[in-house]
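Undergrad: following is a predicted model, sequence given first.
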Amino acid sequence: MLALKVMQDSGINFQGIAVGNGLSSMQLNGNSLVYFTYYHGLIGDDLWADLTQSCCPNNNSINAHSCNFYNNTNPDCATAMEQVSHVIKDIGLNRYNLFANCSGGIPPHSGLGFDGQKYVTYDVDPPVFHNYYFGQKRRMKLKDIPSHKLRAQIPCVNTSAITAYLNNPYVRQSLHIPDNITSWEVCSSAVLQNYTFQYDTMKSQYDQIIMAFKYRVLLYNGDTDMACNFLGNQWFVESLGLQEQIQRRAWLFNNGKDQIAGFVKEYQNFAFLTVKGAGHMVPTDKPNPAFTMINNFLKKRPFFS
């Protein structure tokens, strides 16, 4: 959205955008997450059989785009999806980096805790299951709590360092933040309770950037992120109908010797890239590959060399 505004200002030397682990399409993110969950060994064959039987026409899970895990009205599909939601959100997996530990230990199974002063909600990631009654029920519980009695916390992620830094008086002064502005929080409970998504997909916005034929786009994903998973963004890029220029291949970084950093597929002025072993916060998890990726993008170097 910001890019579209900047495109209209000829005074800005706008060259392109890089989007990391973005939520490009609600539906594709939701559908792909179920495949991600199964093929990473998080759910078993019995539940997968229930999902494909009740959520996929003719029990056909081979054609990924035929299944509807996102907003299926079949009650049996909804029941199976509630079990998927439980595995992803409630048992203690770090959904921002599947292979990382859960900082602070496993959050409350209900997604809602209490720290002695405020209720603490961990339901801050994209509402993948919001079309189902169990997802709506969790959201409605938050609506009943006054925002001043609610604190939002990213599950399994330690945000104490960035919180302390941004609330440091010297930092606030350097950033010209008035004293009457409240303390910085990683997540705002007021925003969480009142935010409304305007778009289910960003396809129109990407189409406008692409059709300008002069801006470069990098869409990248850490491949262990479950909040905005790589497969959903891969499907999204495929849905744009771009002409492939360089086939999918590994790209490298160097830590003294060349190493595989992930995989990249390139189109005209557009690249889709994965970062191996990184989660939602790619530079935090894989700083060396992240630097190489951004450096190559800014300097218009090939990713795969």
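TA: Yep, that arrived.
Undergrad: what is the burial count for residue 193?
TA: Residue 193 has 17 neighbours, counted by other Cβ atoms under 10 Å. Where C-beta positions appear, they are placed from N, C-alpha and C, glycine not excepted.
Undergrad: same check, this time on residue 247
TA: With neighbours defined by other Cβ under 10 Å, the count for residue 247 comes to 9.
Undergrad: you'd agree it is in a helix?
TA: No - looking at residue 247 with DSSP: H, G, I helix; E, B strand; the rest coil, it is strand, so not inside a helix.
Undergrad: now do the same contact list for the closest residue to it other than its chain neighbours.
TA: Counting by Cβ to Cβ, 6 or more residues apart in numbering, residue 247 lies nearest to residue 265, which is 6.9 Å off, once chain neighbours are set aside. Contact analysis of residue 265 by Cβ atoms under 8 Å, 6 or more residues apart in numbering lists 237, 244, 246-249, 271-273.
Undergrad: after the strand or helix carrying residue 265 comes which helix or strand?
TA: Taking DSSP states H and E as the criterion, residue 265 maps to strand 258-267. Per DSSP H and E, the first helix or strand lying C-terminal to strand 258-267 is strand 270-275.
Undergrad: elements contacting the helix or strand just after that following strand?
TA: Following strand 270-275 in sequence order, the next helix or strand is helix 282-285 (DSSP H and E). Contacts defined by 3 or more Cβ pairs under 8 Å, 6 or more residues apart in numbering; DSSP states H and E place helix 282-285 against strand 216-222, helix 287-298.
Undergrad: residue closest to the middle of the chain?
TA: residue 228 (2.4 Å; Cα atoms, centre = their mean).
Undergrad: where does the chain dip in pLDDT?
TA: 59-62, 109-111, 305 (pLDDT under 70).
Undergrad: just the strands in it please.
TA: Applying DSSP state E to the chain gives strands spanning 16-20, 112-114, 119-121, 150-152, 216-222, 244-254, 258-267, 270-275.
Undergrad: the fourth one pairs with which strands, parallel or anti?
TA: The reference is to strand 150-152. In the sheet, strand 150-152 lines up against strand 119-121 (parallel) (DSSP bridges).
Undergrad: check the last one too.
TA: Within its sheet, and counting by DSSP bridges, strand 270-275 is paired with strand 216-222 (parallel), strand 258-267 (antiparallel).
Undergrad: between those, which gets nearest to residue 123?
TA: Nearest to residue 123, of all the strands paired with strand 270-275, is strand 216-222, at 21.2 Å by Cβ to Cβ.
Undergrad: quick one, that closest one and helix 287-298 angle?
TA: Counting by axes from the mean of the first three to the mean of the last three Cα atoms, to 10 degrees, strand 216-222 points 170 degrees away from the direction of helix 287-298.
Undergrad: just want the angle from strand 216-222 to strand 16-20.
TA: In terms of direction (the same axes, to 10 degrees), strand 216-222 departs from strand 16-20 by 10 degrees.
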